[in-house]
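[1] Task: produce atomic coordinates for the following.
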Amino acid sequence: MKRRVTRRGFTIAAIAGLLFLAATTAQAGWLYVLSAGVLGLVVASLFVRHRLRSVEVVRTMPRRVRQGDDIHVALEIRNPARYRTPLMRIEDVHPATEVTRILVEPIDARSSSSVETVQRALRRGVFAGGEVVVSSGVPFGFVRATRRVDVAGEITIVPRFVELRSFPILEPSSSPMDVLHERARTGAGEEYLGVREYRPGDPRHAVHWRSTARAGKLIVREFQAEVATRLLLVIAGSDTGEPPDSAFEMLVAAAASIGAYAIQTGHPVEALAPDGTGGVSRLIEPDRVSLLEWLAAVQPVDVALDGIVAGALDRRRGRATVVMLAPTDGAAGVSLVRAASQIQQAGSRAIAVMAESSSWADDQRADGAVAAPADLGKRVPTRVVHRGGDLARCLVM
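    As a prediction, the model looks like this:
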């Protein structure tokens, strides 16, 4: 616990000094007494016991919220000691939310006090807790005692996202037979393909009784399975700006929006991002909640996308739509063309989503920074998002 003289204390001490100078000049004894009394108040405050060491704080907050939403945070301040606490100021300094300051009345011995605040979820991420600063300046505010307490407060701030009306996950085809060839597989869809002999495990309702009677053995009907196009989300790159308003945060929001739309429309999703240790963090076929929680932990790491894409394509056979998300500057942005070529050579479709880094920069692009090739849009469908732009409009255009 730290103790320090406040600005008010220094002001009173300065007044005591001026009174002492006045007493010396006027040779007035009562001014000496007044000066000593005023200074004595400050000195005495240094020895006041503020009784903050025993104070305990418990924080209760939601497990998961979306970035930018208001959340209710409950703080319980406990006093397990045998004495009464002084008037206290509680400062909640959680890394995920706004700093909140509240005034707590004295708490009786072995009692507690609770307060609920509404805070804004500012930063995306997974957080285990944060500091609570307990301070008191009784009795006069000349000296303030401060104690910092680490308080658990687990919360996951998932990225903000927008509801998309459409996104080109399926590649447009000039021939309906191309789409049929891509999607038609044996399974339990609605399109009738033909009949075959019964196999163990076939459902009874699939038996074709007329064919069974003619053949003298069980014959079942076979249907076409509807296999949705797989979506691969690959996100990497450095950050520009200050979160939550930054280039990488916009890319994460775009990834969350596209992934949520794909899951809603029945497309299997796989998400990949560099983990900062030279490896790749991978999420396979998540639901909407799992995808948002995974994106909550993604951090800006500027690496080339082609290496990540190559590994993903080697593991996944068959066609897919690969959405690459990267800022316009850095290694990730420069590698977009190479990654797009790899995707196209593998028979899949590439889509690029770029964040215009310069729109988040306070000054001009730093010397030596390399921007993504301007002709990328001629090679693959490209979406460019800017600071302050409408994310939904940028993604569907």
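[2] only C-alpha atoms for contact and neighbour calcs from this point on.
    Will do.
[3] Break down this protein into its helices, ranges please.
    When assigned using DSSP state H, the helices of the chain occupy the ranges 7-26, 29-45, 176-183, 209-215, 247-264, 288-296, 305-315, 330-334, 336-345, 376-379, 391-396.
[4] for the first one, packing partners?
    Pointing back at helix 7-26 there. In terms of contact count using 3 or more Cα pairs under 8 Å, 6 or more residues apart in numbering; DSSP states H and E, helix 7-26 is assigned the packing partners helix 29-45.
[5] Which neighbouring elements make contact with the helix it packs on?
    Counting contacts by 3+ Cα pairs under 8 Å, 6+ apart, helix 29-45 is packed against helix 7-26.
[6] Identify the residues contacting the helix it packs on?
    Residues from elsewhere that reach helix 7-26 (Cα atoms under 8 Å, 6 or more residues apart in numbering): 29-32, 34-36, 38-39, 42, 141-143.
[7] How about stretch 103-114?
    Surrounding stretch 103-114, the residues in contact under the criterion Cα under 8 Å, 6+ apart are 74-90.
[8] hang on, the earlier thing: just the buried ones from the contacts of helix 7-26?
    Among the contacts of helix 7-26, the ones that count as buried by 16 or more other Cα atoms under 10 Å are 31, 32, 35, 36, 38, 39, 42, 141, 142, 143.
[9] Tell me how many other residues crowd the closest residue to residue 337 other than its chain neighbours.
    Nearest non-adjacent residue to residue 337, counting by Cα to Cα, 6 or more residues apart in numbering: residue 376, 6.3 Å away. Applying the criterion other Cα atoms under 10 Å, we find 14 residues in the vicinity of residue 376.
[10] from memory residue 376 sits against residue 382, does it?
    Yes. Using Cα atoms under 8 Å, residue 376 is in contact with residue 382, at 7.3 Å.
[11] nearest to residue 357, of the helices of the chain?
    For those, proximity to residue 357 was assessed by Cα to Cα; helix 247-264 is nearest, at 5.8 Å.
[12] if we can go back for a sec, in strands only, show me the contacts of stretch 103-114.
    Among these, the subset assigned to strands under DSSP state E consists of 74, 75, 76, 77, 78, 79, 88, 89, 90.
[13] Just the pLDDT at the fifth one, thanks.
    Which is residue 78. If you check residue 78, the pLDDT there is 95.
[14] got any ranges where the chain has weak pLDDT?
    Counting by pLDDT under 70, the low-confidence segments of the chain come to 170-193, 223-228, 316-318, 363-375, 377, 397.
[15] Could you pick out the longest strand of it?
    The single longest strand within the chain, with elements called by DSSP E, is strand 143-158.
[16] what about that strand, distance to the chain center?
    Averaged C-alpha coordinates place strand 143-158 at 20 Å from its chain's average position (Cα atoms, centre = their mean, to the nearest Å).
[17] Buried residues in that strand, which are they?
    Within strand 143-158, the residues scored as buried using 16+ other Cα under 10 Å are 143-147, 149, 151-158.
[18] and of the helices of the chain, who's closest to residue 167?
    helix 391-396 (5.9 Å).
[19] Which phi and psi values does residue 285 adopt?
    Backbone dihedrals for residue 285, given as degrees, to the nearest 10, come out at phi 50, psi 60.
[20] Near the closest residue to it other than its chain neighbours, how many other residues are there?
    Ranked by Cα to Cα, 6+ apart and with sequence neighbours excluded, the top spatial neighbour of residue 285 is residue 269, at 4.9 Å. Neighbour count of residue 269, defined by other Cα under 10 Å: 25.
[21] Is residue 269 in contact with residue 233, as I believe?
    Yes. At 7.5 Å, residue 269 counts as touching residue 233 under the criterion of Cα under 8 Å.
[22] residues shared between the contacts of the two?
    In terms of Cα under 8 Å, 6+ apart, residue 269 and residue 233 are both contacted by the residues residue 259.
[23] OK, contacts around residue 290?
    Applying Cα under 8 Å, 6+ apart, no residues qualify as near residue 290.
[24] isn't residue 120 right up against residue 65?
    No. Under the contact definition of Cα under 8 Å, residue 120 does not touch residue 65, with a separation of 10.2 Å.
[25] Mark out where each domain of the chain begins and ends.
    If the domains of the chain are taken from automatic domain parsing, they occupy 2-45, 56-158, 176-226, 230-396, with pieces of a single domain joined by a plus sign.
[26] need those in CSV with distance to residue 166, can you?
    What follows is these, written out as CSV (distance: least, Cα to Cα, whole Å):
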stretch, distance to residue 166
domain 2-45, 57
domain 56-158, 22
domain 176-226, 19
domain 230-396, 6
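[27] Can you tell me which of these is nearest to residue 168?
    In this view, the domains of the chain are compared for proximity to residue 168 by Cα to Cα, and domain 230-396 is the closest at 8.2 Å.
[28] so what's the residue nearest to residue 337 up against?
    For residue 376, the contact set (Cα under 8 Å, 6+ apart) comprises 336, 337, 382.
[29] Name the nearest residue to the first one, sequence neighbours excluded.
    Take residue 336 and drop its neighbours on the chain: the residue closest to it by Cα to Cα, 6+ apart is residue 305, 6.6 Å away.
[30] Around that neighbour, how many other residues sit close by?
    Using other Cα under 10 Å: residue 305 sits among 27 other residues.
[31] repeat for the one 3 residues further on
    Using other Cα under 10 Å, residue 308 is surrounded by 19 other residues.
[32] And for residue 328?
    When neighbours are counted by other Cα under 10 Å, residue 328 registers 26.
[33] How about residue 277?
    Applying other Cα under 10 Å, we find 8 other residues in the vicinity of residue 277.
[34] quick one: it and residue 73, what's the gap?
    Relative to residue 73, residue 277 is positioned 34 Å away (criterion: Cα to Cα, to the nearest Å).
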